[in-house]
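Based on what follows, work out the 3D shape:
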Amino acid sequence: MMPDRIVIVGAGQAGLQAAVSLREVGHSGPITLIGDEPGLPYQRPPLSKAFLLGKIPASGLDLRSPDFLAAQRIDLAGADPALVLDRAGKTVRLASGRELAYDHLVLATGARRRELAASGSNLPGIHYLRSRADAEALKARLGGAERAVVVGAGFIGLEFAAVAADLGFACTVVEAAPVLLGRAVSRATADHVRAMHEARGTRFLFGEGVARFEAGADGRVAKAVTSSGDALEADLVLVGVGVIANDGLAAESGLATDGGIVVDRRLRTSDPDISAIGDCAVAPHPQSERPLRIESVQNAIDQGRHLARVLAGADEAYAALPWFWSDQGGIKLQIAGLIHGHDRTVLRGDPQSGRFSVFCYRGTRLLGVESVNRPADHMAARRFVGTSLAPVFAEASDESLDLKRFLPAA
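Predicted coordinates:
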């Protein structure tokens, strides 16, 4: 039987999706959505791209309107974070002192930015980019910027580097690893992305960290000094060195955690009355030999929908194929599947044209497909990666083969 009172801690993409999907599957009981930021639930991907460039206003980030939430009878408790979880009493106490009783609790607490441990890292002019407030503060500084330093060549850092190039100011990216996006994409894709950024004026320093930041006469950041002693002038710094799962509330209540909140294939925690979804959840997945914590909009949405079906009585394991995207200037990078552990690749298309895909295999198994400016390849890959219909290694490079041939029957 579906639980009556459902409390969702976390008003991001995963939490909101769970609430909406619960109504769609017929849940009629109270749903309370607890957020730790003011305002409505909002989308994060545009923060590092369209929002900074002024293509989307702040109001355009909202995922749903107040009228929609009211019509769906979703009670939003914004800017009132959950502080104490009492599993025995099945209550959650908020910062305001409000106490909520639940029959089932959903933890969709997301992740927080990883702070850079370097001297001077709290100087004015040093920014992170995780929340809407972060993006608004960064956007306010772009107009007067001339020289930016980005710490970290992950998706956020590269997307900001593309924004810097669009706005016409110099940008240097400092990355501790020997290659950009080292854990996310194949070497072929990484090399192409790097070349495209360099052609637009971005400079990369690989195998380097930032030892310290130095202030100018106005007290704002003026230099980033690398681990090898190179002093980089900067009037703006963006730090993008990853995120950490918000699993503190779960851990303090005795739930199992391991780099995130541990859940089973039905997204239940070690307490059957509590589930976890989204960026905070570490879940088994058929594409991986070990449980994963996946940071993506797709995963947040799909887990929210899946959990609603489970709470409505479905007995099914979460198995949605992970997929990701990143817009970086003229590069639209889309990834279907999880390529970690691949040992060989097949190129489909010509990188010189700016349009190609990389098929990543481990042995005979297709793990994932990376597509640069080839959306049709990506859409097909989302349907055949992880199935027995996927093209074999010898077939993937043959562009005379229509990828639709490998799609499952509708």
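
Quick one: residues contacting residue 358.
185, 186, 188, 189, 345, 346, 347, 348, 369, 370, 371 (Cβ atoms under 8 Å, 6 or more residues apart in numbering). All C-beta spots, glycine's among them, are computed from the backbone N, C-alpha and C.

Buried among those? Need that as a selection in ChimeraX.
Buried residues among the contacts of residue 358 (16 or more other Cβ atoms under 10 Å), as a ChimeraX selection:
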select :185,186,188,189,345,346,348,369,370,371
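
want to throw the contacts of residue 358 into TSV with secondary structure, distance to residue 117 and pLDDT?
Shown next, in TSV, are those (DSSP: H, G, I helix; E, B strand; the rest coil; distance: Cβ to Cβ, whole Å; pLDDT from 0 to 100):
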residue	secondary structure	distance to residue 117	pLDDT
185	coil	27	98
186	coil	30	98
188	helix	33	97
189	helix	30	98
345	strand	35	98
346	strand	41	98
347	strand	39	98
348	strand	42	97
369	strand	36	98
370	strand	32	98
371	strand	36	98
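
just the contacts of residue 358 now: which is nearest residue 67?
residue 371 (37.7 Å; Cβ to Cβ).

so the closest one makes contact with residue 385?
No - in this structure residue 371 lies outside contact range of residue 385 using Cβ atoms under 8 Å: 11.5 Å.

Need the overlap of contacts for those two.
Counting by Cβ under 8 Å, 6+ apart, the residues touching both residue 371 and residue 385 are residue 336.

on that earlier part again, looking at the contacts of residue 358, spot the one nearest residue 392.
residue 346 (9.7 Å).

For that closest one, give its distance to residue 399.
11 Å (Cβ to Cβ, to the nearest Å).

what does residue 50 give?
Distance of residue 50 to residue 399, given as Cβ to Cβ: 32 Å.

Please say which of those two ends up with more neighbours.
Higher neighbour count among residue 50 and residue 399: residue 50, with 16 against 11, using other Cβ atoms under 10 Å.

Name the SS class of residue 380, please.
helix (DSSP: H, G, I helix; E, B strand; the rest coil).

Let me see the contact set for the spatially closest residue to it that is not a sequence neighbour.
Closest residue to residue 380 apart from its sequence neighbours, by Cβ to Cβ, 6 or more residues apart in numbering: residue 403 at 4.0 Å. By Cβ under 8 Å, 6+ apart, the contact set of residue 403 is 376, 377, 380, 381, 384, 391.

List the residues that contact residue 60.
residue 46.

oh, I was asking about residue 250
By Cβ under 8 Å, 6+ apart, the neighbours of residue 250 are 85, 107, 109, 257, 261, 269, 274, 276, 280.

Quickly note the distance from the fourth one to residue 373.
Looking back up the chat, that one is residue 257. 39 Å.

now swap in residue 225 and tell me
37 Å.

Same question for residue 323.
Distance of residue 323 to residue 373, computed by Cβ to Cβ: 16 Å.

of those two, who's got more company?
Neighbour comparison, residue 323 and residue 373: the larger count goes to residue 323, with 22 against 17 (by other Cβ under 10 Å).

thinking the more buried one is in contact with residue 382, fair?
Yes - at 5.5 Å, residue 323 and residue 382 qualify as touching, with contact defined as Cβ under 8 Å.

residues shared between the contacts of those two?
In contact with both residue 323 and residue 382: residue 336, using Cβ under 8 Å, 6+ apart.

Can you name the next helix or strand after the longest helix along the chain?
In the chain, with assignment by DSSP state H, the single longest helix is helix 297-311. Next along the chain after helix 297-311, taking DSSP states H and E as the criterion, comes strand 323-328.

Direction included, what does that next one pair against?
Under the criterion DSSP bridges, strand 323-328 sits next to strand 331-337 (antiparallel) in its sheet.

most neighbours, which of the contacts of residue 403?
residue 381 (29 neighbours).

how much space between that one and residue 114?
The value you get for residue 381 to residue 114, if Cβ to Cβ is used, is 30 Å.

do the same with residue 216
Between residue 216 and residue 114 the computed distance is 26 Å (Cβ to Cβ).

Count the neighbours of residue 218 for me.
Applying other Cβ under 10 Å, I find that residue 218 has 10 neighbouring residues.

Tell me the spacing between it and residue 123.
From residue 218 to residue 123 the distance is 11 Å (Cβ to Cβ).

and what of residue 142?
18 Å.

quick one: low-confidence ranges for this structure?
Judged against pLDDT under 70, the chain has no low-scoring part.

now the helices for it?
Here the chain has its helices, by DSSP H, at 13-24, 66-71, 132-142, 155-167, 187-199, 248-252, 297-311, 375-384.

which one of these lies closest to residue 89?
helix 248-252 (14.8 Å).

Export the closest one to CSV, keeping only CA atoms.
Listed next in CSV are the C-alpha coordinates belonging to helix 248-252 (Å, rounded to 0.1, in the frame of the first residue of the first chain):
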residue,chain,number,x,y,z
GLY,A,248,25.4,14.3,6.5
LEU,A,249,21.7,14.1,7.5
ALA,A,250,21.6,10.4,6.5
ALA,A,251,24.9,9.6,8.2
GLU,A,252,23.9,11.3,11.5
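
Tell me the buried residues in stretch 324-340?
With burial defined by 16+ other Cβ under 10 Å, the residues of stretch 324-340 counted as buried are 324-329, 331-339.

Check the residues you listed and tell me the two furthest apart.
So, these by Cβ to Cβ: farthest apart are 329 and 338, at 25.6 Å.
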